[in-house]
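Asks: here is the input, now give the coordinates:
(2 chains)
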Amino acid sequence: MQKTGKIIARKKYSMTFAITGAAVFILGWVLFYFLDPAVFYDLGLYVALVGAAFGLYGLRHLTARQYKGIDVEISASTAKRFLTNNAIMLALLVMVIVIMIMEPRFMKLQVMLDILTQSSTRMIVALGISFTLLIAGTDLSAGRMVGLAAVISTSMLQTADYANRFFPDLPHMAVIIPIILSVLACAVFGLLNGFLVAKYEMHPFIATLAVQVIVYGVNSLYFDMEPNKSQPIGGVRPDFVALGQKKILVIDGVFPGISVLVPIAIFFVILIWFILNKTVFGKNVYAIGGNREAAVVSGVNVFKTIMGIFILASVLYGIAGVLEAARTAGATNNYGNGYELDAIAACVVGGVSLNGGIGKVSGIVSGVLIFTVIQYGLQFIAVSPMWQQVIKGIIIAVAVAIDLSKYRKK
Amino acid sequence: MGEYILEMNHITKIFPGVKALDDVSLKVRAGTVHALMGENGAGKSTLMKCLFGIYHEDDGEIILDGKPEKIMTSKQALDLGVSMIHQELHPIRFRPVMENIWLGRFPMKAIAVDKKEMIKKTKKLFQEVDLDIDPEVLAGALSASNLQLVEIAKAVSYNSKVIIMDEPTSSLTENETQHLFKIIRQLQEKGCAIIYISHKMEEILKIADEVTIMRDGQYVGTWDAKDLTTDLIISRMVGRDMTNRFPPKAYTPSDEAVLKVEELSSPLPKSFQNVSFELKKGEILGIGGLVGAQRTELVEAIFGLREIMEGTIFKDGKTFKIKSPRDAIRENIALLTEERRATGIFGILSVLDNTVIASQRKYASAGVLNNRKRIDAAEKSNAELRTKTPNMDELIENLSGGNQQKVLLARWLLTDPDILILDEPTRGIDVGAKYEIYTIMHKLVQAGKSIIMISSEMPELLGMSDRIMVMCEGRVTGFLNAKEADSVQVMNYATKFMQ
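Replies: Numbers count the residues shown, from 1 in each chain, chains lettered A, B, ... in the order given. Here you go, the predicted structure:
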């Protein structure tokens, strides 16, 4: 490659970012304490956050192995590459700033906390579905499994004095038992997905479409049993609801607290990152996605890995379903409908390739966050839901087009 | 004889790392059959693909009917009167035969395809070439030989001046071959020139007027067919300088057999049948034969990738069942596949991931990988083979073919195999890297490992093997001691059922 632009030593480059980041970070805190909260709300915190991101970027370049000794080139072509690689992120940033100007209340810390809370269950579904995308498959049954887990868990966790109990004579049991049962129910269908795909080499689109329909049918049958007869499940026990609604780290007057869903989602993000990057199973997932034939030749147990993928994914959907039920303190058989499409879209926007083998947890996380921010932000400035749909669709198309053009240039 | 209808002058084609064609010329007269001959990999197909617009020559000129032409696409080639019957057929199996023939130039009636006209045209065409096939039957329902004949009819339908036939008789019976020759004679009478590629000597001597021979991407010469004999052709195809292309041997294989294969047969009747052989410890056993001799199928079956109907495999004197590559790897057998891109590398993964994929369990406890161990193993193994890569995180698809091949060898060496099966280990890599791979092979047998090497390159087969097993049409036709063997003997065995 011909280097035409200005060359800067890697060390200087990283230090610039680290120092600017630190300065902006401090500036943020200063602003936070000195700006009028009635006008600027928590703007200072956001500025500090941007500073922290800059600083971390600098530190990463200072320490990471792959950048060692390679100088940075700044020219029209590298700038263009930076813009294409981060187009979605930059667009998001612009959008956030525009919304903040139009509606300053968007600067409130509470907004960010809400976004994180809303992202939590979607994040868990997206992490599950990403495994199936990594092997160039898909999983259409995700949303219906969320619904199944929601219905099963709430059906066994109603207060004793609730009038329309699903199981009128069910004794009081530990919260964990219905949770495990509902996750297991999902795992059974995950096993079916995996078996159809691995044993009969069925395309996951078809296999999971069939299972999606089956899961919904089974769930509806269960939901329609006497005496419930398809009534929405209510009267959910408060100790279960706490799982989705409890706030932690509340400091009166200072910090409104974070929903317990956020640390739960973070736990699963770390867990999945670990599985994908640090285990034989994870490496096999990438290998099968990268070149299935070569994986067979290399002695990868393709059958076991595919079974594992679909079971693990269904367990995650089950957990998301349980949390969703707890968050909303209720369930119907239509819970989770369409979640799989949102999750797939988030993964794809986050850089997961539908051709398999390419995708990182960090990408999935940003993909999910981007979608929630957009949805929340558009609601915030009162864009009509119909326009929201149009905008969401455009974002998916543009994001994937940019992503593909990145690879095509090679 | 007539004027030249086609002249390809000084054609050079370079692929990354390999000069596939080096100053090759081909001159074809109107109304003649011109045979193009050479070993596998001599560059015949590459030359024809340049003519047909699939590849673009880097240097040289193509003159068609007196006019120099730059052929960029197959469509253009067809418009210029050049058509090609490919070695491998790719019919659209779920569409009728006639749609396969007229694809891209359907007879139209306003905006709709004129089905009646299409049937009529197809019937007329089939009459011309004396074929009795219903135009509306699905292409997938035809036998391989009928498909081949349909493909020939299709080439005729373009009214081409030049028709390229790449191994047209590979799936034809004796009678059908006679039928094909009749069609060829008809075409000749119409003034059409035919470029005929085949390994079958007898056919060539019978049908061809002139013969051009290529070797290693270079032009050897053009002769009148009546001046040639089978032996002359073979010696011109393979006769080349063989000094210093292989490292010196410094080992002797032992007599102990590590692998014994008895009467191995595939369930497919056209694949390998009743194959028996022994592989000695510290030996390089070469497997020779032409494309289609089922050598790859045989080794893939031994590695658990293909079904075995009958026969036994003994490793170190014990029989064992192989159902999948995992079983073979457990028995310390490794297979470097022929198609590097399709079944070897994971293009979008790093050199590191590519190197350790077959031996992952060694670096893990309870399924959790130890990254340090993986990197160490990959670095050590690649350093031994002198793989050139910027670092272990580089994507393997950014490496050259030779270095990719080394990474794949490194992958298998990490599984610590007793037996390495190498299927065309030096295909598509340059001379320097070839020599390095040969050196590695020698080191491995010196260390007591055994190698089975499939090679379609005659000098490689003769220069690297201790013994050579030759196959023809799925059967073993002979064993040769490489020291005493020459290429003519190998060729004779390799074409045993074709002469």
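
Asks: element containing residue B:278, please.
Replies: If you go by DSSP states H and E, residue B:278 is part of strand B:275-280.

Asks: only C-alpha atoms, please: export that strand in CSV.
Replies: C-alpha atoms of strand B:275-280 as CSV (Å, rounded to 0.1, in the frame of the first residue of the first chain):
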residue,chain,number,x,y,z
VAL,B,275,-7.9,-51.3,-4.1
SER,B,276,-5.2,-53.0,-2.0
PHE,B,277,-1.9,-51.5,-1.0
GLU,B,278,0.6,-51.2,1.8
LEU,B,279,2.3,-48.2,3.2
LYS,B,280,5.7,-48.7,4.8
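
Asks: listing partners with orientation, what would you give for that strand?
Replies: Strands that pair with strand B:275-280, judged by DSSP bridges, come out as strand B:257-265 (antiparallel).

Asks: what lies in contact with the partner strand?
Replies: B:272-281, B:298, B:301-302, B:308-317, B:333, B:418-419, B:450, B:452 (C-beta atoms under 8 Å, 6 or more residues apart in numbering or on different chains). No exception for glycine: its C-beta is placed from N, CA and C like everyone else's.

Asks: before we move on, back to that, now do the buried residues in the strand holding residue B:278.
Replies: Of the residues in strand B:275-280, B:275, B:277, B:278, B:279, B:280 count as buried by neighbour count, 16 or more other C-beta atoms under 10 Å in any protein chain shown.

Asks: got the contact list for the residue nearest to residue B:357 when sequence neighbours are not counted?
Replies: Of all residues not flanking residue B:357 in the chain, residue A:298 sits nearest, at 4.7 Å (C-beta to C-beta, 6 or more residues apart in numbering or on different chains). Listed by C-beta under 8 Å, 6+ apart, the contact partners of residue A:298 are A:287, B:325, B:357, B:358, B:411.

Asks: mind doing that once more with 10 Å?
Replies: Contacts for residue A:298 (C-beta atoms under 10 Å, 6 or more residues apart in numbering or on different chains) come out as A:284, A:287, A:291, B:325-326, B:329, B:334-335, B:343-344, B:346, B:354, B:356-360, B:408, B:411-412, B:415.

Asks: host element of residue A:38?
Replies: helix A:37-40.

Asks: mind listing what's buried along that helix?
Replies: residue A:40.

Asks: contacting residues around that helix?
Replies: A:31, A:32, A:34, A:43, A:44, A:46, A:47, A:100, A:104, A:107, A:108.

Asks: for the helix or strand just after it, packing partners?
Replies: Next in sequence after helix A:37-40, counting helices and strands by DSSP H and E, comes helix A:43-63. Packing partners of helix A:43-63 (3 or more C-beta pairs under 10 Å, 6 or more residues apart in numbering or on different chains; DSSP states H and E): helix A:10-34, helix A:37-40, helix A:87-102, helix A:109-134.

Asks: point me to the residue of chain B nearest chain A.
Replies: residue B:346 (3.7 Å; C-beta to the nearest C-beta).

Asks: which non-adjacent residue is nearest that residue?
Replies: Spatial nearest neighbour of residue B:346, chain neighbours left out: residue A:290 (3.7 Å); criterion: C-beta to C-beta, 6+ apart.

Asks: how many neighbours does the one you found have?
Replies: A count of neighbours around residue A:290, defined by other C-beta atoms under 10 Å in any protein chain shown, yields 25.

Asks: now do the contacts for it.
Replies: Neighbouring residues of residue A:290 by C-beta under 10 Å, 6+ apart: A:134-136, A:355-358, B:345-349, B:353-354, B:357, B:396.

Asks: and what of residue A:276?
Replies: A:127, A:130, A:131, A:134, A:282, A:283, A:285, A:286, A:359, A:360, A:361, A:364.

Asks: ok, how many other residues are close to residue A:184?
Replies: By other C-beta under 10 Å, neighbour count at residue A:184 equals 14.

Asks: check which residues of whatever helix or strand it lives in are buried.
Replies: Using DSSP H and E, the element containing residue A:184 is helix A:176-200. Of all the residues in helix A:176-200, those buried under the rule 16+ other C-beta under 10 Å are A:178-179, A:181-183, A:185-187, A:189-190, A:192-198.

Asks: next, the angle from that helix to helix A:109-134.
Replies: For helix A:176-200 against helix A:109-134, the angle by axes from the mean of the first three to the mean of the last three C-alpha atoms, to 10 degrees is 30 degrees.

Asks: name the helices or strands packed onto the very next helix or strand once past helix A:176-200?
Replies: Per DSSP H and E, the first helix or strand lying C-terminal to helix A:176-200 is helix A:204-223. For helix A:204-223, the packing partners by 3+ C-beta pairs under 10 Å, 6+ apart come out as helix A:109-134, helix A:142-155, helix A:176-200, helix A:302-328.

Asks: any idea which of those gets closest to chain B?
Replies: helix A:302-328 (9.0 Å).

Asks: what comes into contact with the worst-scoring helix or strand of chain B on mean pLDDT?
Replies: The helix or strand of chain B with the lowest confidence, counting by mean pLDDT, DSSP states H and E, is helix B:230-238 at a mean of 80. Helix B:230-238 is contacted by residues B:35, B:37-39, B:42, B:199, B:201-202, B:204-205, B:211, B:213-215, B:220-221, B:223, B:225, B:228-229, B:457-459, B:462, B:486-492, B:495, B:499 when judged by C-beta under 10 Å, 6+ apart.

Asks: thanks a lot, catch you later.
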